[in-house]
Structure formats: C-alpha cells, structure tokens
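sharing a sequence plus its predicted fold:
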Amino acid sequence: MTVESVRPASPETAGLREPPLAPGAVPVLGHGLKLVRDPLAFMSRLGDHGDVVRLRLGPKTVYAVTTPALTGALALSPDFRIDGPLWESLEGLLGKEGVATANGPRHRRQRRTIQPAFRLDAIPRYGPVMEQEAHALTERWKPGETVDCTSESFRVAVRIAARCLLRGEYMDERAERLSTDLATVFRGMYRRMVVPLGPLYRLPFPANREFNRALADLHLLVDEIVAERRASGQKPDDLLTALLEAKDDNGDPIGEQEIHDQVVAILTPGSETVASTVMWLLQVLAEHPEHAEKVRTEVESVTGGRPVGFEHVRALTHTNNVVVEAMRLRPAVWILTRRAIKDTALGGYRIPAGADIVYSPYAIQRDARSYDRHLEFDPDRWLPERAGEVPKYAMSPFSVGNRKCPSDHFSMAQLTLITAAVSAKYRFEQAGGSDDGTRVGITLRPHDLLLRPTPW
C-alpha cells in the first residue's frame, strides 16, 4: 500500500502538519539509492531536516523518525504495528507466524509461550553452557595465528542458542552453514527493502539464485532440528519442547508452520545479532587496548585469577559497560520499521493510515544532541553517576514496550561472559588483510575482521 492510496485525513488529524521531504531524492528510486550507497550517513543526517521527515523509496512514501522521544512514542503507541519494508523483507526468512513478525493476539500468545525461557530467574541455568562455549572459543585460538572473527562469532552464538534453547548438541558444520547462509540472506533482504523492485528479484540472476539457495538451506536446517527432536522422543525443559507442546487460542496444538517459524525466530535473528555484536566487541578490544587491559584487570580482580564463570557476570561492571558502549556505537540492528494502523499524529505531524515509518537506532545512539563526545568510545558514560545524562529512549538496544526483545538478559549475560573470557586470556591486533569497515545489511557487522591473539 502506498501513502498516496490511503484515505483522506480524518477530522482528528486534518490540522496537523505534513513532514518535510528529505533532500536528495532521484527519479524512480527516490532516496533508495542513498540508502544503498551510504545508508548510515544518510540516516544520521536526517535529523538535520526535522524530527519527522518524508522519504521516497521507489513509488512509496515512508516517514523517518529522528529523535529518541518520538522513537519511544512510536514503539509504545498502539497506533503502530510491526510491519513495513523491513518486516516484509524478513518474511521470507522469519515467516508470518513467528513471534518476530506476528501482531495482536497471536503475538501475545507466543510471547507467553517463550517468555518463561528468558525470565531473569531462568538465565542462571544456561550459565554452564555459556561458560563452556566462551572458554572453548578461546581454546580454539592459537597465539599468533589469525582468527576469522566472522566464523568464530557465529559459531559461539549459534552453539549457545542451540544448546541453551533447543538443547541440541550441534556440530560446527551447522554453525558454519548458518553463518554462510545468513550473510547471503540478510544482504539480499536489505537490497529488497530499500529498492523494492519485486519482480526483478524473481529473475534468475546469479545474486538471486544465491539468495534463494541460502534461504532454502536455512529452512532445511530448521526442519532438521525439529525432526530430530520429534524422532528422539525426548522432552527436555527447553524452548523447543515448549513450542512442541504449545496450544493455540482454541486449546489445539499449534500448527507445524508456526513451530517452524518460531524456531527460525529463535535461532536465526538472535544468532545474527549476537554474532555481529561479538565481532564488534572483538574489534573494540583490538582498537582500544586500554579498555581490553581494564577488562582483563577487572576479571582477574573479580575471579581471583580463576577462569571467569557465569557467577561473576554481575560483578563485571566495566566489562558490561564495554558491551553496552559497543552496542551504542555499532548496534547490530540499525534500522527498524513500523506501519500506522489508523490516521494518527507523531510529533505534531500527521501520519496517514497505512503509512510506513522507519527509524535508525544507529543514528539515534550517535546523535550529538543526546551524547557528549558522541562518536567517542567511552564505556564510563554508563556508570551510574553519568548514565542519567542520556535522554530516555536514546539507548534502547533491545527495544521497548510489547516488542521488547525477550532475550535481553540472556544476550547480555553471554556477551559479557564472552568479552570477559577472551580479554582475560588475550590481547588483540588486526592481522594482514583485515577489514573492519562496516558491512551494511539488515544488521551491521565488520566486513572481514581478522585478528591475531597474543597472550598477556
């Protein structure tokens, strides 16, 4: 649906202003070309033109929100739902029946099913697996040898998710498959979002064939996981068992497609975002050796020289702040969209029913209006005495409201533990051929980060 095709303004919104049009649109593609060529810079400059601005993406008009207060209002308002270009582009991966893309009663029921696995009091039972995988990561590395941070980050993220939430002892080959497939799928989905030329993506071009192959293999991998659990007859206390035994609103077992989509939503986006964040954390440790040293010193002080464990995570305050600051500057999820379900207002502007809204956590979290020395890596800005200076909603890495990521505590625990484990053992420098520039897709990650670990 295009904004041009929706009904006229309602009496409640007729007197509101229309947002200004962002500069730089070109015929046919509109602002889509800028979003392909340099999306991070483009989104970061939109705030110079207004709190809400209009974009053209092909034939569509999209509304961009640029301030923390309005992104918070957008996330919390019932006038907007999960939908729009991002989610439409993700449906081929996530399906329409999983918790990531569902709305309304289905979403609320699905949240009730999965939430127990991520309650704060449930996280400690995952501690042993997180410890094993974090230390296995460091044990695979050899001093002086080059570490491929992309494959290693995906391996640790996938194995933790699979072993904790799906109770699967998955071999590295599956993590490699997922890593390779996700890189292709998320890159292709970003193109489809910003340049919506639907029929062209069905033509047998090499990039389209590669995208379709990777997407098919992802779904095959999920089918293998579900089939293996059913065949085993086992019912461990994990998220996959909860899904296999879940009931719909009529008290009947949920359908096979919903089970499939839910496992995809558990395994795929979570692994992608955690892995991307691990890559950025490794890049941070190499780029800022002073903070790597401070993390190492903190770990040694807290553990007394013993291997760091899950029980130490809460005491690792600087390590946690390093994780948060890395997520501020390099958020894995850098762009989000919503859709207006009715004529409504946002920041004094009229938003028509059916309109798509886009905002960028990357731009919001780097805005000089919200952060002193906004581009500087400064973990101490998250100390209690300074964190209050950050405006509300200027840092929401797991979103807010009923779309808040249910695995926020789970993700923070593993990220802090991984950072502590690698920093306690190694310092890092970039190896020859490394490219830590930002690769932009649906998520952000380094292009090809190669590090050389050296024992302290």
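Alright, I've got the coordinates.

check contacts around the closest residue in space to E300 that isn't next to it in sequence.
For E300, ignoring the flanking residues on the chain, the nearest one in space by C-beta to C-beta, 6 or more residues apart in numbering is A424 at 7.0 Å. (Glycine included, C-beta is placed from N, CA and C.) When contacts are counted by C-beta atoms under 8 Å, 6 or more residues apart in numbering, A424 touches 295-296, 299-300, 303, 307-308.

what secondary structure category should be reported for the nearest residue to T66 once chain neighbours are set aside?
Among residues not flanking T66 along the chain, G47 sits closest, at 3.9 Å (C-beta to C-beta, 6+ apart). Under DSSP: H, G, I helix; E, B strand; the rest coil, G47 falls in the helix class.

try P446
What three-state DSSP gives for P446 is strand.

was I right to think it contacts D435?
Yes - using C-beta atoms under 8 Å, P446 is in contact with D435, at 7.0 Å.

tell me where this structure is predicted with low confidence.
1-14, 84-102, 168-173, 175-176, 190-191, 193-198 (pLDDT under 70).

how much space separates D252 from A246?
According to C-beta to C-beta, to the nearest Å, D252 stands 10 Å off from A246.

and P406, what does it touch?
99, 111, 114-115, 118.

list the residues that contact the closest residue to it other than its chain neighbours.
By the measure of C-beta to C-beta, 6+ apart, the closest residue to P406 outside its immediate chain neighbours is F118, 4.5 Å from it. F118 is in contact with 406-410, counting by C-beta under 8 Å, 6+ apart.

ok so, going back, for the residue nearest to E300, what is the enclosing helix or strand?
helix 408-425 (DSSP states H and E).

against Q414, how distant is the residue nearest to E300?
Distance from A424 to Q414, by C-beta to C-beta: 16 Å.

with D38 instead?
Remark: distance between D38 and Q414 (C-beta to C-beta) = 32 Å.

just give the number of residues close to the residue nearest to T66.
The number of residues packed near G47 is 19, by other C-beta atoms under 10 Å.

show me where the stretch 1-150 of the chain has strands.
Assigned by DSSP state E, counting those that start in this stretch, the strands in the stretch 1-150 of the chain fall at 52-57, 60-65, 80-82, 147-148.

most packed of the ones you listed?
Each of the strands of the stretch 1-150 of the chain was scored by mean neighbour count; the highest is strand 60-65, a mean of 24, by mean count of other C-beta atoms under 10 Å.

quick one: that one to strand 52-57, angle?
150 degrees (axes from the mean of the first three to the mean of the last three C-alpha atoms, to 10 degrees).

neighbouring contacts of strand 60-65?
Strand 60-65 is contacted from outside by 2-4, 19, 22, 30, 43, 46, 51-56, 71, 74, 84-85, 196, 337, 346-347, 349, 351, 355-360, using C-beta under 8 Å, 6+ apart.

if we can go back for a sec, spit out the contact partners of the residue nearest to T66.
Neighbouring residues of G47 by C-beta under 8 Å, 6+ apart: 66-67, 363, 367, 369.

in the lengthiest helix in the chain, which residues are buried?
Longest helix of the chain, by residue count under DSSP state H: helix 256-287. Within helix 256-287, the residues scored as buried using 16 or more other C-beta atoms under 10 Å are 258-286.

likewise stretch 404-413?
405-407, 409-413.

right, and T138 touches A421 too?
Yes - counting by C-beta under 8 Å, T138 touches A421, with 5.7 Å between them.

and the two? Which one has more around it.
Neighbours per residue, other C-beta under 10 Å: of T138 and A421, the larger number sits with A421, 24 against 16.

so the more buried one sits against A134, correct?
Yes - under the criterion of C-beta under 8 Å, A421 makes contact with A134 at 4.0 Å.

stretch 167-178: end-to-end distance?
17 Å (C-alpha to C-alpha, to the nearest Å).

now do stretch 401-414
Stretch 401-414 has an end-to-end distance of 23 Å (C-alpha to C-alpha).

the one helix or strand T297 maps to vs helix 408-425, what angle?
Per DSSP H and E: T297 is located in helix 289-303. Between helix 289-303 and helix 408-425, the angle comes out at 100 degrees (the same axes, to 10 degrees).

what's the angle from helix 289-303 to helix 256-287?
If you take the same axes, to 10 degrees, helix 289-303 sits at 110 degrees to helix 256-287.

for helix 289-303, which residues meet the burial criterion?
For helix 289-303, the neighbour count (16+ other C-beta under 10 Å) marks 291-292, 294-296, 298-299, 302-303 as buried.

quick one: buried residues of stretch 444-456?
Buried-residue list, stretch 444-456, by 16+ other C-beta under 10 Å: 444-446, 449-453.

now the terminal residues of that stretch, how far apart.
Span of stretch 444-456 from end to end, C-alpha to C-alpha: 30 Å.

from here on, call the first residue 170.
From this message on, residue numbering opens at 170, which makes the last subject stretch 613-625.

what lies in contact with that stretch?
Contacts for stretch 613-625 (C-beta under 8 Å, 6+ apart): 209, 310-319, 444-445, 448-449, 451-452, 455, 465, 499-501, 503, 531, 591, 594-608.

try it again at 6 Å.
Applying C-beta atoms under 6 Å, 6 or more residues apart in numbering, the set of residues contacting stretch 613-625 from outside is 310, 312, 315-316, 318, 445, 448, 451-452, 455, 499, 501, 503, 595-598, 600, 602-608.

ok, stretch 238-247 next?
With C-beta under 6 Å, 6+ apart as the test, stretch 238-247 has contacts from 220, 234, 249, 507, 516, 528, 533, 562, 569-570.

who wins for most neighbours among those residues?
Most surrounded of these: other C-beta under 10 Å gives V234, at 31 neighbours.

gap between that residue and G610?
V234 is 21 Å from G610, by C-beta to C-beta.
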